[in-house]
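Student: quick one: sequence plus predicted model below, questions after.
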Amino acid sequence: MTDGAVTALGRRETFWLGVLVLFAGQFAAIAALAWYARDLPAMPSFSGDGAAVTLVIFVSTPVQVALTAWFARRTGGKAADYLGLIWPRRNEVLFGIAAVVALIVVSDVTSWALGRNVITNFQADIYRSASGTLWLPLLFIAIVVVTPIGEETLFRGFLFRGWLRTPSDAWPVIVVTAALWAGIHLQYDWFVIVQIFLSGVLLGWLRWCTGSTLLTILLHALINLQATLETVVHAWLK
């Protein structure tokens with residue numbers, strides 16, 4: 001697929017470069033965790049330590065975004081254009097917000113109807129472990145701001161652009177990128193992963209309709225903000 005004079009990377013090349021981006025970010029994060037834990041008796045539990053999660057996000061995301069932008073530049077055009085980092089229209093933003101709010105309401109109502117807590121153990125653990133420390137505001141920034149930038153740039157930006165060749169590719173690409181995105185959230189159980197997958201399908205569809213990854217970053221941030229606020233309220237009510 002071409003975008004002006006810019007040719008997209010091959011599908012296989014896009015996949016393996018995406019894998020490399022993820023591994024490079026995680027390698028940098030593990031190195032940072034090792035430094036963080038040097039004075040501790042053992043490496044902190046990633047699944048429940050708010051400080052460790054914050055450190056991982058703040059270290060891995062810039063590495064991933066930088067590599068993604070560098071690979072995008074190999075196509076000969078601007079990385080921002082290749083990754084879909086363009087401003088959406090106002091009506092697209094309003095529609096996207098309405099769609100995400102509707103999805104959040106349906107997800108929460110479904111959870112309550114099935115007798116499930118809308119707050120996961122992972123959310124509660126990282127909030128509790130960071131509470132009362134300087135890590136807490138950094139954790140909020142990491143979840144609401146930094147994570148959406150990194151994940152959307154890779155999944156709805158780099159992978160989406162590299163795999164979409166014709167209009168008939170749109171839904172397969174939307175579904176596959178949503179599945180891969182959901183698959184990296186191993187800290188959650190299957191029910192939450194399904195919810196993340198459905199969110200990914202919505203974000204992918206909006207990315208396809210608008211051409212804007214900035215829109216999906218904004219909406220991803222809204223989803224994470226809602227989850228963070230629910231976690232805070234849940235902790236206050238306990």
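Tutor: The structure has been received and is ready for your questions.
Student: give me the secondary structure label for residue 186.
Tutor: Following DSSP: H, G, I helix; E, B strand; the rest coil, we place residue 186 in the coil state.
Student: what ranges does this structure have for its strands?
Tutor: Along the chain, the stretches classed as strands by DSSP state E are 2-3, 6-7.
Student: which of those comes out lowest on mean pLDDT?
Tutor: Here the strands of the chain differ in mean pLDDT, and the lowest is strand 2-3 at a mean of 41.
Student: got the contact list for the nearest residue to residue 108 once chain neighbours are set aside?
Tutor: Spatial nearest neighbour of residue 108, excluding adjacent residues (Cβ to Cβ, 6 or more residues apart in numbering): residue 118 at 5.2 Å. Just so you know, the C-beta spots here come from the backbone N, C-alpha and C atoms, and that holds for glycine as well. By Cβ atoms under 8 Å, 6 or more residues apart in numbering, the contact list for residue 118 reads 107-108, 111-112, 230, 234.
Student: tell me which of the residues you listed fall in helices.
Tutor: The helices, defined by DSSP state H, take in 107-108, 111-112, 230, 234 from the contacts of residue 118.
Student: tell me the confidence at the most centrally placed residue in the chain?
Tutor: Relative to the mean C-alpha position of the chain, the nearest C-alpha, by Cα atoms, centre = their mean, is the one of residue 151, at 3.4 Å. You'll see residue 151 listed with a pLDDT of 98.
Student: wait, it sits on residue 220?
Tutor: Yes. With contact defined as Cβ atoms under 8 Å, residue 151 counts as touching residue 220 (6.8 Å).
Student: if we can go back for a sec, which of the contacts of residue 118 has the most neighbours?
Tutor: residue 107 (21 neighbours; other Cβ atoms under 10 Å).
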